[in-house]
Every structure is written in structure tokens, then in C-alpha cells.
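**Q** No sequence on hand, only this structure:
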């Protein structure tokens, strides 16, 4: 299976840098539906998340979430849920990860083998190359909509 490679330009305004997700909108929407279903983004949970975003998320990260939400046609709370999914789920299932000093800076590796409906996490995995000042700043593995 070919893993898509997505280039993110960190020199673009935070709200606009995720426009590159347009080709992956269907995949990202499917993942957001799974995330909100798994974590239960309703009632009190949505209220707590909205409070958390207002109190603790820096303006530039909030703008990125707003940009993702615009591209995906979802709410900022749904985009935030998608971005907190990994952290929330690892509290329940755990996660295998390792980090070490590399010759060009820290290296972090995580195991992406947990189960998801219809293999969605495996099917929608993508490689993200982040550029700044025209140079590759770092590369991550993740999913569309996951900042």
C-alpha cells in the first residue's frame, strides 16, 4: 500500500497551512467520525473541551485547528477531538514509543499498530514533511487532520 506524502509549509499562516489536506478530506472526515464516536464528543465532554481550548491552547495552534476544521467541514471541537485522540487513547491502551538523540536532533518513534474500525488508521496513514524557510524542518507519520 502506497503511503501518501504531504508537504506542510510552516511559513504559511497557521490557519492556511492545512489547505494541503483537500485531497485527503474523505479520509480525514472518516477518522474524525471515528474519533468523536470513540471519545464521545457530546454534552459535558464538548463543554469541557471547549473550555480547555479557550484556557490552554495558544492562538497559533487554535488557528491551525480552525484551518483543519474549515478544510474538513467540521467543527473546531471535532478537529480538536481528532488531535487529542492519540493522547486520550494511549491512556487506555498504552503506546509503544522510543526516543533518542540523533545526529541532527532528537528522534521519536512510535508504534502505530493499534486497532481501528475497518483498519482506518492503517489505511489513512500519511507521511508529513514540514518545511520552513524552504528547507525540510522535520517529518512525522500521522493521519489527515492530525496536527
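**A** Structure's in. What do you need? Everything quoted here is computed from the prediction, not taken from an experiment.
**Q** where in this protein is pLDDT low?
**A** 1, 39-44, 85-98, 110-117 (pLDDT under 70).
**Q** 80 - rerun?
**A** Applying pLDDT under 80 to the chain flags the ranges 1, 32-49, 81-99, 107-122.
**Q** could you pull out the strands for the chain?
**A** 5-9, 97-102, 105-110, 126-132, 135-142 (DSSP state E).
**Q** Ok, which of these comes nearest residue 67?
**A** Comparison of the strands of the chain against residue 67 by C-beta to C-beta identifies strand 5-9 as nearest, at 11.0 Å. Glycine gets a C-beta too; all of them are placed from N, C-alpha and C.
**Q** List the buried residues for the closest one?
**A** Using 16 or more other C-beta atoms under 10 Å as the test for burial, strand 5-9 gives 6, 8.
**Q** Can you tell me the strand partners of it and which way each runs?
**A** Applying DSSP bridges, strand 5-9 is found paired with strand 126-132 (parallel).
**Q** how many degrees apart are the partner strand and strand 135-142 in direction?
**A** Between strand 126-132 and strand 135-142, the angle comes out at 160 degrees (axes from the mean of the first three to the mean of the last three C-alpha atoms, to 10 degrees).
**Q** Relative to residue 8, how far out is the residue in the chain sticking out farthest from the centre?
**A** Farthest-out residue of the chain from its mean C-alpha position, per C-alpha atoms, centre = their mean: residue 103, at 26.6 Å. Going from residue 103 to residue 8 by C-beta to C-beta, to the nearest Å gives 24 Å.
**Q** again with residue 127
**A** For residue 127 relative to residue 8 (C-beta to C-beta), the value is 11 Å.
**Q** Ok, residue 104 next?
**A** Distance check for residue 104 against residue 8: by C-beta to C-beta, it reads 19 Å.
**Q** How about residue 75?
**A** Noted for residue 75: a distance of 22 Å to residue 8, by C-beta to C-beta.
**Q** now do residue 126
**A** 11 Å.
**Q** residues near residue 71, how many?
**A** 20 (other C-beta atoms under 10 Å).
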